[in-house]
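>>> What follows is a predicted protein model with its sequence.
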Amino acid sequence: SAVISQKPSRDICQRGTSLTIQCQVDSQVTMMFWYRQQPGQSLTLIATANQGSEATYESGFVIDKFPISRPNLTFSTLTVSNMSPEDSSIYLCSVVADNYNEQFFGPGTRLTVL
Amino acid sequence: KQEVTQIPAALSVPEGENLVLNCSFTDSAIYNLQWFRQDPGKGLTSLLLIQSSQREQTSGRLNASLDKSSGRSTLYIAASQPGDSATYLCAVKDYGGSQGNLIFGKGTKLSVKP
């Protein structure tokens, strides 16, 4: 398994500002991902964080809004830029174990935008 | 496009009861299926992973089955306890798309009454 931590655990932000969320894994992993869970909804994949190259974004998500860094095999950041109330969600970091393809999730960052 | 449905959306049972949560998916060409538990405002805890070649997996009081041909999975919880109260999510991974793109159902919210 993989132990994943995220910072911050929650934040309340003003419209128009940006927030950077950090994800730390206790072991080196090839695959890291960022998901969003909007209120009352299930999870949606935002992007795959690639080590040493640009992130790969899913349809409906763009780099200018959600820039991602992946400086090494244990760490990634997601920035939510120019926030609006519609960005209020839980943001979750996820990794895939190198064997069996089991996927693990961090505790999430609960973001509220006023 | 793969779609995952979970029935029922909510379930309330008395402590000690055995129960079954249902998950169905529209495209049987899946790589694996994973059951998660989510406590309110928290991240996801992986419960069971079933590879496409497997029929079931067991962990303690939990048993998950997979019938790819009919596009169904069930999560059986034996002797339910109040601590089992949470939302249970089913997710499938297709062969296509991003490697991290788990497609989630909307979940079953379980409440176990003492």
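In hand now; what should we look at? Here the structure is a predicted model, which means the values were calculated and not measured. Numbering: from 1, shown residues only, chains lettered A, B, ... in the order given.

>>> How far does stretch B:62-74 sit from its chain's centre?
9 Å (C-alpha atoms, centre = their mean, to the nearest Å).

>>> Poorly predicted segments of chain A, please.
A:98-100 (pLDDT under 70).

>>> Going along the chain, name the strands of it.
A:4-7, A:10-13, A:19-25, A:32-37, A:43-49, A:56-57, A:68-72, A:75-80, A:89-96, A:103-105, A:109-113 (DSSP state E).

>>> any chance of those strands in JSON lines, with mean neighbour count too?
Backbone N, C-alpha and C define where each C-beta goes, glycine included. Output for the strands of chain A, formatted as JSON lines (neighbours: other C-beta atoms under 10 Å in any protein chain shown):
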{"stretch": "strand A:4-7", "mean neighbour count": "17"}
{"stretch": "strand A:10-13", "mean neighbour count": "13"}
{"stretch": "strand A:19-25", "mean neighbour count": "19"}
{"stretch": "strand A:32-37", "mean neighbour count": "24"}
{"stretch": "strand A:43-49", "mean neighbour count": "23"}
{"stretch": "strand A:56-57", "mean neighbour count": "17"}
{"stretch": "strand A:68-72", "mean neighbour count": "16"}
{"stretch": "strand A:75-80", "mean neighbour count": "20"}
{"stretch": "strand A:89-96", "mean neighbour count": "24"}
{"stretch": "strand A:103-105", "mean neighbour count": "22"}
{"stretch": "strand A:109-113", "mean neighbour count": "18"}
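
>>> Of those strands, which is nearest B:R61?
Minimum separation from B:R61 across these (C-beta to C-beta) falls at strand A:103-105, 21.2 Å.
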